[in-house]
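K.L.:
task: produce atomic coordinates for the following.
(4 chains)
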2 protein chains.
Amino acid sequence: MLQAIIEDYIATAEPVGSRTIARKYNLGVSSATIRNEMSDLEELGYIEQPHTSAGRVPSDKGYRLYVDTLIDHPSLDEARAAWIRREYRARVRHTHSLVQLTGRLLAELTSYTSIVLAPQEQARVCRHVDLVPLGSGTAMLVLVTAGGSLESSLVELPAGVGDEELRDIAQLLDQELSGIALGQLARGALRGIELGLNRYQELLRQSLGFLERVPEEGADKVFLCGTKHILGQPEFQDLHKVRPLLALLEQEAIMQDLLTSPGTGLSVTIGGEHKHAEMQDCSLVTATYRVGGRPAGRIALLGPRRMNYVEAMATLNFVTSQLSEVLSKLLGK
Amino acid sequence: MLQAIIEDYIATAEPVGSRTIARKYNLGVSSATIRNEMSDLEELGYIEQPHTSAGRVPSDKGYRLYVDTLIDHPSLDEARAAWIRREYRARVRHTHSLVQLTGRLLAELTSYTSIVLAPQEQARVCRHVDLVPLGSGTAMLVLVTAGGSLESSLVELPAGVGDEELRDIAQLLDQELSGIALGQLARGALRGIELGLNRYQELLRQSLGFLERVPEEGADKVFLCGTKHILGQPEFQDLHKVRPLLALLEQEAIMQDLLTSPGTGLSVTIGGEHKHAEMQDCSLVTATYRVGGRPAGRIALLGPRRMNYVEAMATLNFVTSQLSEVLSKLLGK
DNA sequence: TTTAGCACTCTCCGGGCGAGAGTGCTAACG
DNA sequence: CGTTAGCACTCTCGCCCGGAGAGTGCTAAA
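P.N.:
Now for the predicted structure:
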């Protein structure tokens, strides 16, 4: 009964009346009986009426009950699953692009908004450093971290440094730095390298300055995809409702906070359960992806409160497991 | 006169009446005189009335005349200019991030939407290739192009390749490939390397496969920033008008086409002058940025037709010159 | 040529009204 | 005692109407 109401509301976005239920879902009873049951459900707080003479709309509590019944077995239809697998196979390039791909897939498949947190490396360890000469007097400093992410910065070279000389400096840098946590750069590493020629001091200063800043900047990046879909939802036709929500989504810190809250596995936050008033008409489905069995980051789908939970949860669940798998394989864990 | 009308309309977004002009801009004449003049302007097609008893609104032709008078001397107030210079100085990292910064700056400063085309390298030449071991059986292939952009991909290693061995392979690859245009990889380069051990064939296949795909993927990337500002404009309160526009903006190919059309210097396209019907309520200000004096890419600001052309043109002009300068310096040209 | 005055037109806003949808209650039915 | 048909009631939504307000164009006077 409650299920019928919720599913009809999810499909139509209109308050559902007793007649509708009686007609569409032939439960073998008349609309009058359904009216009685609905009255009960309302008393229990599972549904509510926008006004006296409209149909009923599920309440947060109603959605909650509904969601809790289906949280255990989210399974995706095989055609979609196959398609997703193919996408992942085609685009194996690096962590960054995989995370982006995941966001895009989710948004496209569900028509909701996806929010993905890039994998956090516990401590960002320097794997490899290189200096590539570019043109007159500049070089590109390339950093590869143990987690497989890539950063770069342009640095100025002292006058008259040749390509071979630069290669030597790069090798020296690489030797000194690889294996070292970027956070602890300032202290330990500097001294070891200072031994090198004085002439390179400015170059070193630039390089280390960059390397020190990397951990803060790169950490916990948030990828949003499909925000435009919000505008397509009938409950968000009112711009005054949408804009605060969009503004909220742009604040990375809040998004990070939103995703770092609950435990593991699929979790759903519904309407008024959110901290932020702007999200009271939304629901958020969250999952954790893992690398080598250890939690690495989080993924979420944001949709209207009457989102298609079955589809959203199934898709999110599947995509999460795919991402975990591909990432683990890639990073050799 | 026309100027007064346009500037008032830009400021208020409401049709402007003769009274308003007489009051705000004391031109020493009464509203009746202004009515006569307005009637003339309307006959000439510079302004139009939405309906009989509303004020006047500038037409495309009116804006065109207005814009053409001020296209020559866009100058930014010194405080802003200084602020922009400071931003550029603080974030000198690499091409990619500079382009993004430019987009962000423009969007924030003007509250319009910025569209930036990443610099096109005529032919993407390989500057440096490296293989960095990551974990069990994988390595990261890093590519630096002559233009200073950075690409990477994960590749699988044959069983039992040690770090030193990998370094040798990387060096071989680097020697063979650096200086070679990526587009012509397939033919020439492959043969030279095939001489190496058969054992590495799969690795080579993966690497070259990636390197070949790079030119297409990386080319002409479009960066959008500040699309949300569109929703803030009073003329775009109607979602039915906004959504087609947003949909259009998401199509990279169309954006590229939009920016590749006109000549050099600042150029403005107003309302109905656009090819695409979705943009008939918008104006686009476009500029070309240069690296070492040669056109490298394009930047644009998209706003409502009644956008603040003075500010937009001045800001765009200044930011463009800054970007050109910084990029030229960085790439040593 | 400019200006004051005035009639005219058109939009916008609020109230009133009827149609439609859905409910809750009551009474009948198996 | 649960179910159902019937009916009065309520509330929203869309529509029309009329008055207020804003702005125009025209005319006649300065």
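K.L.:
can you list contacts of stretch A:29-38?
P.N.:
A:Met1, A:Ile5, A:Ser18, A:Arg19, A:Ile21, A:Ala22, A:Leu27, A:Ile47, A:Arg56 (Cβ atoms under 8 Å, 6 or more residues apart in numbering or on different chains). For the C-beta atoms, the positions are set from N, CA and C on the backbone; glycine is no exception.
K.L.:
show the pLDDT at the fifth one.
P.N.:
In this model, A:Ile21 is scored at 94, pLDDT.
K.L.:
with the last one instead?
P.N.:
On pLDDT, A:Arg56 comes in at 96.
K.L.:
thinking again about what came up before, can you flag the buried ones in the contacts of stretch A:29-38?
P.N.:
A:Met1, A:Ile5, A:Ser18, A:Ile21, A:Ala22, A:Ile47, A:Arg56 (16 or more other Cβ atoms under 10 Å in any protein chain shown).
K.L.:
can you redo those residues as TSV with distance to A:Leu258 and secondary structure?
P.N.:
Converted to TSV, these look like this (distance: Cβ to Cβ, whole Å; DSSP: H, G, I helix; E, B strand; the rest coil):
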residue	distance to A:Leu258	secondary structure
A:Met1	33	coil
A:Ile5	29	helix
A:Ser18	38	helix
A:Ile21	35	helix
A:Ala22	40	helix
A:Ile47	27	strand
A:Arg56	30	strand
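K.L.:
any low-confidence regions in the stretch 51-200 of chain A?
P.N.:
A:91-93, A:122-123, A:136, A:185-198 (pLDDT under 70).
K.L.:
let's see that with 90 instead.
P.N.:
A:52-53, A:70-75, A:89-98, A:118-128, A:132-200 (pLDDT under 90).
K.L.:
show me the strands in it, by range?
P.N.:
Applying DSSP state E, counting those that start in this stretch to the stretch 51-200 of chain A gives strands spanning A:57-58, A:113-117, A:126-135, A:138-145, A:150-156.
K.L.:
ok, the contacts of stretch A:29-38 vs chain B, which is closest?
P.N.:
A:Arg56 (27.3 Å; Cβ to the nearest Cβ).
K.L.:
highest mean neighbour count out of the strands of the stretch 51-200 of chain A?
P.N.:
strand A:113-117 (a mean of 26; mean count of other Cβ atoms under 10 Å in any protein chain shown).
K.L.:
quick revisit: just put the strands of the stretch 51-200 of chain A in CSV and tack on distance to chain B.
P.N.:
Converted to CSV, those look like this (distance: least, Cβ to the nearest Cβ, whole Å):
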stretch, distance to chain B
strand A:57-58, 22
strand A:113-117, 13
strand A:126-135, 3
strand A:138-145, 5
strand A:150-156, 5
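K.L.:
how about those in CSV, adding distance to A:Glu78?
P.N.:
Shown next, in CSV, are the strands of the stretch 51-200 of chain A (distance: least, Cβ to Cβ, whole Å):
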stretch, distance to A:Glu78
strand A:57-58, 30
strand A:113-117, 22
strand A:126-135, 39
strand A:138-145, 37
strand A:150-156, 36
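K.L.:
which one of these lies nearest to DNA strand D?
P.N.:
strand A:57-58 (12.6 Å; Cβ to the nearest atom of the strand).
K.L.:
that closest one pairs with which strands, parallel or anti?
P.N.:
Note on strand A:57-58: by DSSP bridges, its sheet partners are strand A:47-48 (antiparallel).
K.L.:
the strand it pairs with vs DNA strand D: in contact?
P.N.:
No. Using Cβ under 7 Å from any atom of the strand, we find that strand A:47-48 stays clear of DNA strand D, coming within 13.8 Å at best.
K.L.:
so how far is that strand off the chain centroid?
P.N.:
Centre-to-centre, strand A:47-48 and its host chain are 32 Å apart (Cα atoms, centre = their mean, to the nearest Å).
K.L.:
so for it, mean pLDDT?
P.N.:
96.
K.L.:
that strand near DNA strand C anywhere?
P.N.:
No. Shown here: strand A:47-48 not in contact with DNA strand C (Cβ under 7 Å from any atom of the strand), separated by at least 9.2 Å.
K.L.:
show me what contacts A:Gln175?
P.N.:
A:Gln175 neighbours (Cβ under 8 Å, 6+ apart): none.
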